[in-house]
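>>> no FASTA, just this:
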């Protein structure tokens, strides 16, 4: 990346040589509205106003012009911020191409294309991982009874050994925890159900969410590798006709927060005896759900629409994974927390906790 620095007492502008441009046809690549309010036309040496809706600040270097446009050539050592680096990364660029291809192949308006793409990706990628997560959790839950029996047996053996060797209570606890951990690990290996495997869903879903969000942000602000800002500006519907602008009615941001809170409460209601750590995690997720409301109100509507669509699909998948028939088809092992009427139980628990 090359920068040019000029000095002039009347104007300070930011100039960046694009990757695919040259000095004869130079147009600055503006990353945010804070970078420049005007730019230099290299053919006429006049200052033209430029507007940009990007709310994000990117790394830049200032350039000044002197009387007579005497150039002072310098090479800057400024590097792009981590946010800019992620937004310009290869996965995000590929995601931009995926979104554009999906819209062009289906011929749907952008709002419908975003929703359909979200549904397709979450159903093809995250739903199978959700099923796998449910299988792992069911196997781990089924092992708890066997672990309890082995723990009692181990405690008895440790007490006998302690009498023979005169171990202290601290030594007994050390050997008990050490051997119980080994036994539990062997059981996880035997049944191929290490609890860490249940977290595979989040390790796939989170990067996918970030890539899609940044891809839509780039396309909406005219910063993507494909110029589609004009198409997105007319690709909305109902109260959000322009997908490049935030939702001024706050309908989508508030709906997003409510859906995320509902998903969190459904998980919380399923925990019969939550631990202190689980309570902390639940409260943290509740806080994140509330924080996402004002954030969703400041980003382009295309991002809010994607976030809302993704949360709705996630809620539908969570309810689907509660269905006894669906769990049977997917061969998810039964657990003691399963119910023949899961949806009635969820509604009853919700009413008992929040209404009465």
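That came through, no problem. Fair warning: this is a prediction, and the values are worked out from it, not measured in the lab.

>>> who's sitting farthest from the centroid in the chain?
residue 164 (56.1 Å; C-alpha atoms, centre = their mean).

>>> which strand or helix spans it?
Using DSSP states H and E, residue 164 falls within helix 127-165.

>>> still on that earlier bit, what's the spacing between the residue farthest from the centre of the chain and residue 308?
Counting by C-beta to C-beta, to the nearest Å, the gap from residue 164 to residue 308 is 65 Å. C-betas here are computed from N, CA, C, even on glycine.

>>> next: residue 352.
Taken as C-beta to C-beta, the span from residue 352 to residue 308 is 29 Å.

>>> ok, residue 201 next?
If you go by C-beta to C-beta, the gap between residue 201 and residue 308 works out to 20 Å.

>>> who has more neighbours out of these two?
Taking neighbours as other C-beta atoms under 10 Å, residue 201 and residue 308 compare with residue 308 leading, 26 against 20.

>>> ok, so what distance separates the more buried one from residue 299?
From residue 308 to residue 299 the distance is 12 Å (C-beta to C-beta).

>>> how about residue 197?
33 Å.

>>> of those two, which one has the most company?
residue 299 (22 against 17).

>>> wouldn't that one be in contact with residue 244 here?
No. Using C-beta atoms under 8 Å, residue 299 is not in contact with residue 244; the gap is 10.4 Å.

>>> buried sites along the host helix or strand of residue 350?
According to DSSP H and E, residue 350 maps onto helix 342-354. Neighbour-count burial for helix 342-354, counted by 16 or more other C-beta atoms under 10 Å, picks out 342, 346.

>>> what sits up against that helix?
265-266, 269, 319, 322-324, 339 (C-beta atoms under 8 Å, 6 or more residues apart in numbering).

>>> quick check: closest non-adjacent residue to residue 161.
Excluding the flanking residues, the one nearest residue 161 by C-beta to C-beta, 6 or more residues apart in numbering is residue 167, at 7.0 Å.

>>> ramachandran angles for the one you found?
phi -70, psi 150 (degrees, to the nearest 10).

>>> repeat that for the one 5 residues further on.
Main-chain torsions, residue 172, degrees, to the nearest 10: phi -60, psi -40.

>>> tell me the spacing between it and residue 151.
13 Å.

>>> residue 268 contacts residue 282, doesn't it?
Yes. If you go by C-beta under 8 Å, residue 268 and residue 282 touch, sitting 5.0 Å apart.

>>> which residues touch the spatially closest residue to residue 179 that is not a sequence neighbour?
Spatially, and ignoring its direct neighbours in sequence, residue 179 is nearest to residue 154 (5.7 Å; C-beta to C-beta, 6+ apart). When contacts are counted by C-beta under 8 Å, 6+ apart, residue 154 touches 176, 179-180, 183.

>>> residue 242 now?
Counted by C-beta under 8 Å, 6+ apart, residue 242 has contacts 232-234, 236, 301.

>>> again, but for residue 172
158-159, 162.

>>> what's the one helix or strand residue 201 maps to in contact with?
If you go by DSSP H and E, residue 201 is part of helix 200-220. Helix 200-220 has contacts (C-beta under 8 Å, 6+ apart) with 86-87, 91-96, 98-100, 114, 118, 121, 125-126, 129-130, 132-133, 223-226, 228-229, 232, 243-244, 299-300, 302-303, 306-307, 310.

>>> buried residues in it?
Residues of helix 200-220 classed as buried: 201, 205, 208-220 (neighbour count, 16+ other C-beta under 10 Å).
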